[in-house]
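Undergrad: Structure, please.
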Amino acid sequence: SSKLTRNDNHGFLRLRGGGLEVDRRDRDIQAAEAALQNMEARYAGMKLKKERLEVESQNTLAEINEGSEESLVRFTESMDSRSVYVGNVDYGVQASTLENHFSNCGTITRITIPQGVKGPKGFAYVEFVEEGAVEQALQLNNTSINGRALNVLPKQQISPASDAGEKQCDSAENASCAGQ
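TA: Alright, predicted model coming up:
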């Protein structure tokens, strides 16, 4: 017959009988090892993100310190090429929610949720370290956060005014630019 015994000196339970032994301590150790592996994987991911952000920070400072108008335009274009516009964002959404939603696309350097007089405007920008992350982020078009289908598009910059003084743009997020 089976008998359940507790050995308080060693802190584990054993079910004895019929050659079957179940050791709770082994299960606890296995669970702790699995949790440790999960933490180590998260740590490695965070460490990689930190390294990428440090490189991006150094590159940003170098671009800004160069200081010429041409280099600043190139820098802005580079930022835009690594960013997406996210429309139809719930007004109560936090940057951390967007970060979780887009984190598998690449290393996020910045999330901007523009504010109006009455609060968030209902859209956001997500900037990545890697240009290839934009393509991944575009795959999240029509996915939902808080029950709202997101409109994910490449971020476009407004071009400098032309010689005729007209504003030129191909901005997906600027309705006044529609049809231009």
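Undergrad: show me where this structure has strands.
TA: Counting by DSSP state E, one finds strands in the chain at the ranges 3-7, 12-16, 83-87, 108-112, 115-116, 119-120, 123-128, 144-145, 148-149, 151-154, 158-159, 168-169.
Undergrad: Pick out the shakiest of those strands, pLDDT-wise.
TA: Ranked by mean pLDDT, the strands of the chain bottom out at strand 168-169, which scores a mean of 40.
Undergrad: And the contacts of stretch 83-93?
TA: Residues outside stretch 83-93 that contact it (Cβ atoms under 8 Å, 6 or more residues apart in numbering) are 98, 102, 113, 119-120, 122-128, 134, 137-138, 145-156, 172-173. Every C-beta, even on glycine, is put in place using the N, C-alpha and C of the backbone.
Undergrad: Type out the ChimeraX command that picks the buried ones from the residues you listed.
TA: Restricted to buried positions by 16 or more other Cβ atoms under 10 Å, the ChimeraX selection for the contacts of stretch 83-93 reads:
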select :98,102,113,122,123,124,125,126,127,128,134,137,145,150,152,153,154,155,156,172,173
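Undergrad: in the sheet, who's paired with the closest residue to N151 other than its chain neighbours?
TA: Distances taken as Cβ to Cβ, 6 or more residues apart in numbering put G87 closest to N151, at 3.6 Å, once the chain neighbours are dropped. G87 has the following beta-bridge partners by DSSP bridges: F123, N151.
Undergrad: ok, G87 - how many residues close by?
TA: Look at G87: counted by other Cβ atoms under 10 Å, it has 17 neighbours.
Undergrad: Same question for the one 3 residues further on.
TA: Here the count is done by other Cβ under 10 Å, and D90 has 15 residues near it.
Undergrad: where does it fall, phi/psi-wise?
TA: When read as degrees, to the nearest 10, the backbone of D90 gives phi -60, psi 140.
Undergrad: Quick check: it vs E130, distance?
TA: D90 sits 27 Å away from E130, going by Cβ to Cβ, to the nearest Å.
Undergrad: Also V86?
TA: For V86, the distance to E130 (Cβ to Cβ) stands at 17 Å.
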